[in-house]
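In: any chance you could fold what I've pasted below:
(3 chains)
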Amino acid sequence: MRYLPKSDAEREQMLAEIGAKSIDDLFRVIPEEYRLERDLDVPRQHAESEIIDYFRAAGARYPAKHTSFLGAGAYRHYRPILIDAMVQRGEFLTSYTPYQAEITQGTLQAIFEFQTMIAELTGMDVANASMYDGSTGAAEAVLMAMRVTGRHKAVVARTVHPEYREVLHTYLRYREMPTTEVGYEARTGRVDLAALEADVTEETAAVLVQSPNFFGVIEDIPAIAEIAHRRGALLIVSIAEAVSLGVVRPPVEADIVSMEAQSFGVPLCYGGPYCGVIAAKEQYLRQMPGRLVGQTVDRDGYRGFVLTLSTREQHIRREKATSNICTNQALVALMATIFLTIYGKEGMRELAEHNLAKAHYAMQTLSAQPGVKPLFQGAPFFNEYVLQTEEAPSAWAQRLRSDKIVGGIDLSRWYPELKHSTLWCVTEIMPKERIDTTAHLMAAAPVVA
Amino acid sequence: MALSEDSHCKPLGKVRPHQTQNEALVFEKSSPGKRGYKLPPLDVPAADAGEVLGAAHRAKKAGLPELSEIEIVRHFTRLSTWNYAIDLGMYPLGSCTMKYNPRVNEWVARIEGLAEAHPYRPDHLAQGQLQVIDLLQRCLTEITGMEAITLQPAAGAHGEFTGILLVRAWHESQGNARKKIIIPDSAHGTNPATAAICGYTVENLKSNAEGGIDLEALERQVDGETAALMLTNPSTIGVFESRIHRIAEILHAKGALLYMDGANMNALVGKVRPGDFGVDVMHLNLHKTFSTPHGGGGPGSGPVACKKFLEPFLPTPVMVKNEKGEMRWEYDRPQSVGRVRAFFGNTGMFIRALAYILANGPDGLRQTTEDAVLNANYIRAKLEDVFELPYKTASMHEVVFSDKRQAARGVKTGDIAKRLIDYGFHPYTVSFPLIVPGALMIEPTESESKEELDLFIEAMRSIAREVEETPEVVKTAPHSTRVSRLDEVQAARKPVLRWRP
Amino acid sequence: MAYPSNYRYTKEHEWIVLEGKTGTIGITDYAQNSLGDIVYVDAPKVGDPVTANQTFGSVESVKAVSDLYSPVSGTVTAVNESLKATPDKINEAPHETWIIKVELSDPSEWDKLLDAAAYEKFVSEETGS
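Out: You can find the predicted model right below:
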């Protein structure tokens, strides 16, 4: 086996030095009746070229060069070449959690830079080294708010990603922490502030909203914050489309921001690995889950970085820890750090403006077609919006497919009340020509019997 | 290789300080006007952001750095050179299974049709992804001897959470969720943390004199309110619970389940299957046993395998296949514990793990396990005269010594670990498991050649001599790194967690 | 370091000294020594109730957390806010650095605590020296 650096002769020699007659001696502790005396039923040993062939064939089952208007929590942005060139350096790729600071300054400094960039972007004081993803990050943020406030109820907007809400439900299932869901205004697609006002009480630990929300609509964060804070609840803002922060005002009124950073140079990869992150006001630092990197000095006074405040974590506090989280998404966070360094201060603005322009052009072009209209009005959006069509989505989807276009995602699977409504995402990589073609196909009158 | 024994200044061992230039923070290297990107011309009319967004427009740009491409390459390349990594040498971090991460895994995970697949792509367009998931699920089910599986959990601890949710959901379906989970004192910290977040109280089980489960104590502790025992097998001291069938019997007799933490599965693959020895539910760590890269702390992936009776409770969605071989996600699962994360899991890690299984085949997987166990026992045989071996029970894939003899000279396991850095090795796991005071937990994995092991053994023996002769050298190590020991107290007292201009 | 004779002690290594109905509480030299450099003190708020033998907060070093157990029951009347910025004062002068003050609800609890001699004996048994 080509990964194993030993000859049979060396194995024999080592066994002899141990004082074992055969390798079986070392497995004698396993009761005989449980020892596997046959080969595992898995595919035979493959050559490297065969492995590549297998996965190429799997990749080719999806016709390449599809145009996709899918977003909804996973966004396709251009990924600069440098990202993979850098993260595939063995020193980053094959290192582990930087417990031994003297020989992991590379990872530690990169995480410190990541924490700084996330804090800058979100308008928060501090950010952690990453969470599994945006969905688990949002759930952990709610738990964090419960620890901070000592309260046990959460109010969650229905405009938060439906799968994030499902994950939150799973996380809270056995903690006696009831959640209330607040609906949205039919006209704007924003959180219904009157309903929110009615639901937030003195027992509410956290109000969780998403902005831009699941419909792509930017929420009125200052107004929501006021309602939450008036009752002493914390405001958690979840951000699924992180590129929005290039041009959308950060939720500075929030107490905790829980973000999915996939948009920052992380491949779609059918849903993972992505990169959640929690950022917060400094006063809540001690209740933050996940790893943190801090700056310090070595014995000679040189600047260095270490994992810090680890007494919050499971390996010390065990059942009293702030979370059971151990592994994070360091390499994915590194992708995001490199992405943010490449685009930088000006580039993030320009990139976000391209998204804004393309999405608005697409919304206007598509909704100018007969039988197509925007579902929501009166509130700003970034690069996603909801269209309502007279036709059932399955009908026009068929026409788009003939031109290798995957249109917006049908919302009825999560919002049964929304008929013929689809969520469209347009990022900087969408050519105008494909938007125009899509509009043309949407307009094509269905053949009526 | 001759190890210098008389000097405490000369760099020892195989790694010598390389020429690294000092590297400032990326923000300190920034200057206005530099660019590392170029967007294509905008082919649609520009939107007036201020007008379109109104009050939601971001007035002030975020304080991100401004650098050119070559500076960015140098910045991250220089940072990388300050890291130790498996690609540089042995990384015997016990319980982390730091094995070789094959490069072909990285290559296939980046194949366009796989890497650029949107998770909401319609199922009929996702058959390639589903084919990978299906084959990996079948391989892992076979390897563990279990009957059903979910790949959704994002990491080992997330898998534990999912597994204990399954346990709880099943007990609830039987009419009583039960109250407590029993956890041996040798367990990873994630185990009690997990039980607590699933609403269970944690009951500690003291290890016996061999470091294993005390069957009599277990029998006394298990009762009608015990939901499960969370067992790591082999245990964190690298010992296989040879009376595992009795453990399972004791639990099952009282209606409790056996949960196995699969962190140490690298000692078992192809030799014995947890499903065959009574485990009801377990998690795997693809980043340990199945070679997906650790990446400086993640991403991981923590599939959960279980017996048939737990299948209805698996997280949604579950992949199903029809008679034509077409695969799709099934969402209608009334008894499911719900989702544990968005989408389907860390799919990119599934590709890598499957590539590893394909590269090995059944014979390679078995040989891998044998080599991992052989390597640990070789280290044990070559070091047990110098380092105290608190548990004499047969070792599997890792060996745990204690610093008892060295501590008598004022040198602790943490010091020995730091000194190993000077010899060109990553330290072992320090001070874990908790049942061994001053533990040195060494897991070489199968990826080390005899030459590398011999170098490691020589380094450890040399350090043991230094402890006798020049203990200060060990206590102040490392001496060859870019920074010396860092002040963790200052970092915690006055946390500086971000750069400020 | 000598254990002041006018203080009383717990087996969890807290000390208390009484003035009228107000008890002043800290941790002992033995406790700070075994914990090492203290980096953070998690204390309750003024007005919070505390119960004898129950936790009321924790002290943290870089790699360990130790729960604080109240020697007596009552209500917190003051919290040493200066420990937020300088938790190391506990390491420097453990018996002069208080963490909270409590108004006792049951003064008879005082009599159940260890006096200096008994505590010193307890510590020496614990360390086996």
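In: all contacts plus neighbour counts: C-alpha atoms, from now on.
Out: Fine.
In: identify the residues contacting the spatially closest residue to residue B:58 that is not a sequence neighbour.
Out: Once flanking residues are discounted, residue B:58 sits nearest to residue A:249: 3.8 Å by Cα to Cα, 6 or more residues apart in numbering or on different chains. Residues near residue A:249 by Cα atoms under 8 Å, 6 or more residues apart in numbering or on different chains: B:55-59.
In: what does chain C have sitting close to chain B?
Out: Contact residues, chain C versus chain B (Cα under 8 Å from any Cα of the partner chain): C:37-40, C:61-62, C:85, C:87.
In: repeat that with 7 Å
Out: Applying Cα under 7 Å from any Cα of the partner chain, we find that chain C lies next to chain B at C:37, C:39-40, C:62.
In: among these, which one has the most neighbours?
Out: In terms of neighbours by other Cα atoms under 10 Å in any protein chain shown, these top out with residue C:39 at 26 neighbours.
In: how about that one: what's its closest non-neighbour residue?
Out: In this structure, residue C:39 finds its nearest non-sequential neighbour in residue B:493, 4.7 Å apart by Cα to Cα, 6+ apart.
In: surely the one you found touches residue C:37?
Out: No. Applying Cα atoms under 7 Å as the test, residue B:493 and residue C:37 come out as separate, 9.5 Å apart.
In: thinking again about what came up before, taking the residues of chain C next to chain B one by one, which sit in helices?
Out: Judged by DSSP state H, helices contain none of those.
In: tell me the confidence at the residue nearest to residue C:39?
Out: The model reports residue B:493 with a pLDDT of 91.
In: can you get me a residue count around it?
Out: Neighbour count for residue B:493, taken as other Cα under 10 Å: 22.
In: just give me the longest helix of chain C.
Out: Longest among the helix segments of chain C by residue count, using DSSP H, is helix C:116-127.
In: please read the previous query as pertaining to chain A.
Out: Assignment by DSSP H gives helix A:330-367 as the longest helix of chain A.
In: partner strands of the next helix or strand after that helix and their direction?
Out: Counting by DSSP states H and E, the next helix or strand C-terminal to helix A:330-367 is strand A:372-374. Note on strand A:372-374: by DSSP bridges, its sheet partners are strand A:384-389 (antiparallel).
In: can you give me the strands in the stretch 201-350 of chain A?
Out: Secondary structure of the stretch 201-350 of chain A (DSSP state E, counting those that start in this stretch): strands at A:204-210, A:234-239, A:256-260, A:276-280, A:293-297, A:303-307.
In: so which of these gets nearest residue A:146?
Out: strand A:204-210 (5.3 Å; Cα to Cα).
In: what's the angle between the closest one and strand A:256-260?
Out: On the basis of axes from the mean of the first three to the mean of the last three Cα atoms, to 10 degrees, strand A:204-210 is oriented at 40 degrees to strand A:256-260.
In: tell me the helices and strands packed up against strand A:204-210.
Out: Packing partners of strand A:204-210 (3 or more Cα pairs under 7 Å, 6 or more residues apart in numbering or on different chains; DSSP states H and E): helix A:134-149, strand A:153-157, strand A:234-239.
In: what residues of it count as buried?
Out: Going by neighbour count (16 or more other Cα atoms under 10 Å in any protein chain shown), the buried part of strand A:204-210 is A:204-210.
In: so what are the domain limits for chain B?
Out: By the record's domain assignment, chain B is partitioned as B:105-357, B:362-482 (automatic domain parsing).
In: span of the last one from start to end?
Out: Criterion Cα to Cα, to the nearest Å; first-to-last residue distance in domain B:362-482 is 43 Å.
In: and the longest one, by the same measure?
Out: For domain B:105-357, the first-to-last residue distance is 10 Å (Cα to Cα).
In: how far off centre is that domain?
Out: 14 Å (Cα atoms, centre = their mean, to the nearest Å).
In: that domain and chain C, are they touching?
Out: No. Looking at domain B:105-357 against chain C by Cα under 7 Å from any Cα, there are no contacts, and the closest approach is 13.1 Å.
In: return the residues of the stretch 101-250 of chain A in contact with chain B.
Out: Within reach of chain B by Cα under 7 Å from any Cα, the stretch 101-250 of chain A has these residues: A:102-107, A:112, A:115-117, A:120-121, A:126, A:132, A:135-136, A:163-164, A:166-167, A:170, A:174-175, A:247-250.
In: low-confidence regions, chain A specifically.
Out: The model of chain A has pLDDT under 70 over residues A:63-64, A:314-322, A:326-327, A:445-449.
In: for chain C, give me its nearest residue in the stretch 1-150 of chain A.
Out: Shortest the stretch 1-150 of chain A-to-chain C distance, computed as Cα to the nearest Cα: residue-wise this is residue A:99, at 12.0 Å.
In: skip the chain neighbours and tell me the closest residue to that residue.
Out: Using Cα to Cα, 6+ apart, the nearest residue to residue A:99 is residue A:307, at 7.0 Å.
In: quick check: residues of the stretch 401-501 of chain B near chain A?
Out: Applying Cα under 7 Å from any Cα, we find that the stretch 401-501 of chain B lies next to chain A at B:446-449, B:481-488, B:490-492, B:495-499.
In: quick one: mean pLDDT over the longest helix of chain C.
Out: For helix C:116-127, mean pLDDT rounds to 88.
In: which other residues reach that helix?
Out: Residues from elsewhere that reach helix C:116-127 (Cα atoms under 7 Å, 6 or more residues apart in numbering or on different chains): C:3-5, C:7-9.
In: between these, identify the one with the most neighbours.
Out: That'd be residue C:9 among these, by other Cα under 10 Å, with 26 neighbours.
In: what about residue B:181, how many residues nearby?
Out: Using other Cα under 10 Å, residue B:181 has 28 neighbouring residues.
In: looks like it contacts residue B:204 (just checking).
Out: No. Counting by Cα under 7 Å, residue B:181 sits too far from residue B:204 to count as a contact (8.6 Å).
In: now list whatever residues contact both of the two.
Out: Shared contacts of residue B:181 and residue B:204, defined by Cα under 7 Å, 6+ apart, are absent.
In: which stretches of the stretch 1-150 of chain B form strands?
Out: For the stretch 1-150 of chain B, the strands defined by DSSP E, counting those that start in this stretch cover B:148-150.
In: quick one: the helices in it?
Out: Here the stretch 1-150 of chain B has its helices, by DSSP state H, counting those that start in this stretch, at B:49-53, B:69-80, B:103-109, B:112-115, B:127-144.
In: list the buried ones in stretch B:331-341?
Out: Using 16+ other Cα under 10 Å as the test for burial, stretch B:331-341 gives B:335-341.
In: all helices in the chain, in order from the N-terminus.
Out: This is for chain A. Ranges of helices in chain A, per DSSP H, are A:8-18, A:23-26, A:48-60, A:81-87, A:90-93, A:105-122, A:134-149, A:162-172, A:193-199, A:221-230, A:314-317, A:330-367, A:393-402, A:432-443.
In: um, chain C though
Out: For chain C, applying DSSP H gives helices covering C:29-35, C:89-92, C:116-127.
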